[in-house]
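S.K.: pasting the structure only:
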């Protein structure tokens with residue numbers, strides 16, 4: 001099975017390179033970013049000690065970031081190696097200032113794993129959430145380098161727990177410690193003989209709380225809102241936006257709407273403009289002109305402006321999965337999203353607690369929005385649920401650091 005796994009990894013890498021040759025932009029970045037990578041992926045000083053944080057993309061980076069920040073604070077003598085699997089993470093964070101080296105992770109072959117581990121004096125390694133790379137896991141174990149998994153979520157139907165998954169289950173024993181997001185994952189790991197498990201929750205809650213505490217003000221947006229109650233649609237896709245346009249047309253006068261599309265290309269922004277009448281673009285905002293809708297056609301401010309929302313529509317629920325809901329929930333803002341949310345523990349929890357609401361069609365959107373607007377008791381209960389939920393989820397980073405202190 002080990003040889004078959006390595007073969008599949010090589011084939012996967014080859015298929016990405018083939019896609020790059022046919023012009024796929026993301027595949028080309030993935031391929032080109034790994035060329036000549038070994039000239040960079042080595043420690044210049046043999047005396048330096050390193051901690052390696054590996055993430056898949058931006059979402060996992062946000063989960064790993066609180067650990068990096070704590071490491072820099074408590075162990076400034078250690079250097080940080082940060083690796084990404086996906087270009088959508090690396091290309092945004094390749095100049096991340098808290099890391100001493102930022103790179104694409106080399107393809108998970110045994111040769112690459114041995115080379116990377118031999119190139120750095122690693123004191124500890126963190127893999128985030130779903131990044132199960134079995135050759136790296138084996139080599140780290142063989143070299144007595146503690147490997148920690150953080151913010152892990154596993155499910156009974158995954159290959160680890162299938163009758164034919166024995167080899168994969170055995171690889172999990174190469175991990176020093178698992179920090180899981182929920183009790184179900186911890187129980188699954190214990191069911192296969194893994195006892196070094198703690199239900200720590202999601203480190204992103206520590207991250208979003210930190211953002212909320214230091215969030216800057218946006219006076220121009222505050223002047224646009226001008227005392228009205230504000231609804232924000234965060235990272236919306238066309239499938240989300242189609243459900244929002246009819247509501248915007250009949251939105252109460254004491255409300256305003258901020259739309260933050262996932263795609264801010266000129267063509268998509270023009271498409272949004274064609275569906276709106278009383279609106280402004282953020283890059284052309286005149287706060288003294290009162291409009292119903294503000295379209296944010298730039299990046300980097302969404303998490304910071306959630307502070308202005310009474311409630312939030314989160315995009316992606318009719319596509320690959322919803323975007324980050326912790327960022328608005330930390331402000332006590334109830335959230336609404338489409339049906340593809342079940343892979344996100346916080347979304348499942350909040351739907352069950354009635355701090356979040358899922359919709360399937362236009363009628364659902366109208367009903368939920370109307371209740372949040374006109375039923376104050378309903379709104380307050382949802383907001384209180386969000387506040388209480390966040391308060392109970394803070395502290396995963398400190399929990400992880402306590403275990404780490406015994407290892408390094």
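M.R.: That came in fine, so what should we check first? The structure displayed is predicted, hence computed values, not measured ones.
S.K.: list the contacts for the residue nearest the centre of the chain?
M.R.: Nearest residue to the geometric centre of the chain (C-alpha atoms, centre = their mean): residue 59, 2.0 Å. By C-beta atoms under 8 Å, 6 or more residues apart in numbering, residue 59 lies in contact with residue 324. Placement of C-beta: from N, CA and C, glycine included.
S.K.: now the helix or strand hosting it: buried residues?
M.R.: Here residue 59, judged by DSSP states H and E, is contained in helix 58-74. Neighbour counts over helix 58-74 (16 or more other C-beta atoms under 10 Å) mark 58-68, 70-72 as buried.
S.K.: what does stretch 333-340 give?
M.R.: Per 16+ other C-beta under 10 Å, stretch 333-340 contains these buried residues: 333, 334, 335, 336, 337, 338, 340.
S.K.: between those, which is closest to residue 346?
M.R.: Checking the buried residues of stretch 333-340 against residue 346 with C-beta to C-beta, the nearest one is residue 335 at 9.6 Å.
S.K.: ok, now how distant is the closest one from residue 309?
M.R.: As judged by C-beta to C-beta, to the nearest Å, residue 335 and residue 309 stand 9 Å apart.
S.K.: need the overlap of contacts for those two.
M.R.: Joint contacts of residue 335 and residue 309 (C-beta under 8 Å, 6+ apart) are residue 328.
S.K.: tell me where the stretch 51-200 of the chain has helices.
M.R.: 58-74, 87-93, 110-119, 134-142, 166-171, 183-191 (DSSP state H, counting those that start in this stretch).
S.K.: residues contacting the helix ranked longest in the chain, please?
M.R.: Under DSSP state H, the helix in the chain containing the largest number of residues is helix 2-21. Helix 2-21 is contacted by residues 27, 28, 30, 31, 32, 107, 108, 109, 110, 134, 135, 167 when judged by C-beta under 8 Å, 6+ apart.
S.K.: what do you get if the cut-off is 10 Å, keeping everything else the same?
M.R.: 24-32, 34, 106-112, 133-135, 138, 167-168, 171 (C-beta atoms under 10 Å, 6 or more residues apart in numbering).
S.K.: then stretch 243-253?
M.R.: By C-beta under 10 Å, 6+ apart, stretch 243-253 touches 228-229, 231, 233, 236, 241, 255-257, 259, 272, 275-279, 292-293, 313, 315, 318, 336, 338, 359-366, 369-370, 373-374.
S.K.: out of these, which sit inside strands?
M.R.: Members of the contacts of stretch 243-253 lying in strands (criterion: DSSP state E): 229, 231, 233, 236, 255, 256, 257, 259, 279, 293, 313, 336.
S.K.: which two among the residues you listed are spaced furthest apart?
M.R.: Taking C-beta to C-beta, no two of the ones in strands among the contacts of stretch 243-253 sit farther apart than 279 and 336, at 20.7 Å.
S.K.: list the contacts for residue 232?
M.R.: Shown in contact with residue 232 (C-beta under 10 Å, 6+ apart): 256-260, 294, 296, 302, 305-314, 328, 333, 335.
S.K.: quick check: closest non-adjacent residue to it.
M.R.: residue 309 (4.2 Å; C-beta to C-beta, 6 or more residues apart in numbering).
S.K.: burial count for that neighbour?
M.R.: 22 (other C-beta atoms under 10 Å).
S.K.: now it: how far from residue 329?
M.R.: The value you get for residue 309 to residue 329, if C-beta to C-beta is used, is 10 Å.
S.K.: likewise residue 192?
M.R.: As judged by C-beta to C-beta, residue 192 and residue 329 stand 33 Å apart.
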